[in-house]
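Visitor: whatever this is, show me its structure:
(chains A, B and C)
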Amino acid sequence: MKKIINLNKKSSIILYPLPPYNFDATIHKPSHFPSSDNKWEKGNYWISMLWKGTCLGLKLENKGTIAKPKVRVTIHSLKILSKRFKQSLISEIEWRFNLKSDISEFDKRFKKDKTFSPLFKKWRGMKPVAANSLYESLVIYIVLQNATVKRTYSMLESLFNRFGEKIKFDNKILSTFWDPKDINKVPEQTLRDLKLGYRAKFLKRISEQFDKKEIDKFKMREMDKETLKKEALKLYGIGPASVEYLLFEDFYHYDALETIPPWEQKIMSKLLFNKKLVPVGKILSFFRDNYKNWEKLTFHYIWEDIFWKRKNQYVPWLEKEIRL
DNA sequence: CATCAGGGCCCTG
DNA sequence: CAGGGCCCTGAT
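Guide: All right, here's what the predicted structure looks like:
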């Protein structure tokens, strides 16, 4: 059992997201599998973060409304942080929690949508969130591949326990990720022992690329969608399915809807057409024809809505499609 | 018990 | 560009 690190120093700042901003629906995604690096309760969110080699604990509190959003961020750390460090950290936090991207056009354009206006209204101000760093997201995409939820969860938790730390702040104990070099320096077999299977090689290669600073996430944030896509596909172990998540969830391309994995296809078939299985092409053109430029964001609203429902009530047909 | 596909990806031919 | 192989797990 590793020692728990107490983060005793803290400082707070108020941030103002661009409206509309739905705090809970943006920060918490019920469709995602649970992971011990973060915790959500209505209006509050805790997550561990590594920034420039420093281990931090963030607490975010909702202090505003969708139309007048306001978020209080408390940064917990072991040592007092310099002003310079905090400045870079705050702009990173603004990116990660998607405080500044503009979805007001989407908001206006589909207000009167004949099919989904109630749903758009219900989740007004919901955006994708890249609460994890790019490296951490890639780790998650790798453990998602060809695995059930349970297996994905256990692979990630094994990695946390082997390579990460446990931190305590605001009465929460959370896992942290690790520096890519920690994985780059261990043999592949260490990862295989954690039951990563063939993904071990992917994780090692990606960790190596990050350790050698071959990937510039800031540059990637500036790229147009097609360039970014090509760039991301160069990452070893990252293919079309992972890139599909990456473009939307990590780089906020709201129109990035090109492929739909089988289980999502089944669920969307039911939700959109009330059928068992509709061809992917038909689902794609439904979004393209009706929600141009906002295809994936629209998909996201429909998608998360059913998973929010699942939190409060049992949805038998959905349960069957989730490989737990 | 064995067999097999899978919420992919890489590599080979 | 099609298809085999890969770690494991759960379904049959």
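
Visitor: need the three-state assignment for residue A:72.
Guide: At residue A:72 the chain is in strand, as set by DSSP: H, G, I helix; E, B strand; the rest coil.

Visitor: tally up the residues packed near it, please.
Guide: Residue A:72 has 15 neighbours, counted by other Cβ atoms under 10 Å. C-beta coordinates here come from the backbone N, C-alpha and C atoms, glycine included.

Visitor: for it, list each beta-bridge partner.
Guide: For residue A:72, the beta-bridge partners are residue A:14, residue A:61 (DSSP bridges).

Visitor: spell out which parts of the stretch 201-324 of chain A neighbour DNA strand B.
Guide: Residues of the stretch 201-324 of chain A found near DNA strand B (Cβ under 7 Å from any atom of the strand) are A:202, A:235-243, A:261-264, A:322-324.

Visitor: at 10 Å instead, please
Guide: A:201-202, A:205-206, A:232-246, A:259-266, A:321-324 (Cβ under 10 Å from any atom of the strand).

Visitor: pLDDT weak spots in the stretch 1-150 of chain A?
Guide: A:1 (pLDDT under 70).

Visitor: picking that back up, mind giving me the PyMOL select for the residues of the stretch 201-324 of chain A next to DNA strand B, buried ones only?
Guide: The buried subset of these, as determined by 16 or more other Cβ atoms under 10 Å, is captured in PyMOL by this line:
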select buried, chain A and resi 201+202+205+206+232+235+237+238+242+243+244+245+246+260+264+265+266
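
Visitor: how close does residue A:228 get to residue A:128?
Guide: 15 Å (Cβ to Cβ, to the nearest Å).

Visitor: ok, now residue A:158?
Guide: Counting by Cβ to Cβ, the gap from residue A:158 to residue A:128 is 27 Å.

Visitor: then residue A:300?
Guide: 6 Å.

Visitor: can you check which residues contact both of the two?
Guide: residue A:248 (Cβ atoms under 8 Å, 6 or more residues apart in numbering).

Visitor: now the residue in the stretch 151-300 of chain A positioned nearest to DNA strand B. Nearest residue, chain neighbours left out?
Guide: Nearest residue of the stretch 151-300 of chain A to DNA strand B (Cβ to the nearest atom of the strand) works out as residue A:239 at 2.4 Å. Spatial nearest neighbour of residue A:239, excluding adjacent residues (Cβ to Cβ, 6 or more residues apart in numbering): residue A:233 at 7.0 Å.

Visitor: residues in contact with the one you found?
Guide: A:239, A:240, A:243.

Visitor: next, give phi and psi for it.
Guide: phi -70, psi -20 (degrees, to the nearest 10).

Visitor: next one: residue A:97
Guide: phi -100, psi 10.

Visitor: spit out the contact partners of the nearest residue to it once chain neighbours are set aside.
Guide: Distances taken as Cβ to Cβ, 6+ apart put residue A:129 closest to residue A:97, at 6.0 Å, once the chain neighbours are dropped. For residue A:129, the contact set (Cβ under 8 Å, 6+ apart) comprises A:26, A:27, A:29, A:96, A:97, A:98, A:249.

Visitor: assign residue A:129 to helix, strand or coil.
Guide: Going by three-state DSSP: residue A:129 is coil.

Visitor: what does residue A:49 give?
Guide: Assignment for residue A:49 (three-state DSSP): strand.

Visitor: quickly note the distance from it to residue A:41.
Guide: Where residue A:41 is concerned, residue A:49 sits at a distance of 18 Å (Cβ to Cβ).

Visitor: looking at the two, which is more packed in?
Guide: residue A:49 (26 against 9).

Visitor: so how far is DNA strand B from residue A:7?
Guide: As judged by Cβ to the nearest atom of the strand, to the nearest Å, residue A:7 and DNA strand B stand 31 Å apart.

Visitor: check whether that residue really touches residue A:57, as I assumed.
Guide: Yes - counting by Cβ atoms under 8 Å, residue A:57 is a contact partner of residue A:7 at 4.8 Å.

Visitor: any common contacting residues for those two?
Guide: Contacts common to residue A:7 and residue A:57, judged by Cβ under 8 Å, 6+ apart, are A:76, A:77, A:167, A:168, A:169.

Visitor: backbone phi and psi for the residue nearest to the third one when sequence neighbours are not counted, please?
Guide: If you skip the residues right next to it in sequence, residue A:167 has residue A:5 as its closest partner in space, 4.9 Å away by Cβ to Cβ, 6+ apart. Backbone dihedrals for residue A:5, given as degrees, to the nearest 10, come out at phi -90, psi 120.

Visitor: give me the neighbour count for residue A:5.
Guide: Neighbour tally, residue A:5, other Cβ under 10 Å: 17.

Visitor: coming back round to it: restrict the shared contacts of residue A:7 and residue A:57 to contacts with DNA strand C.
Guide: Of the shared contacts of residue A:7 and residue A:57, not one also sits near DNA strand C (Cβ under 10 Å from any atom of the strand).
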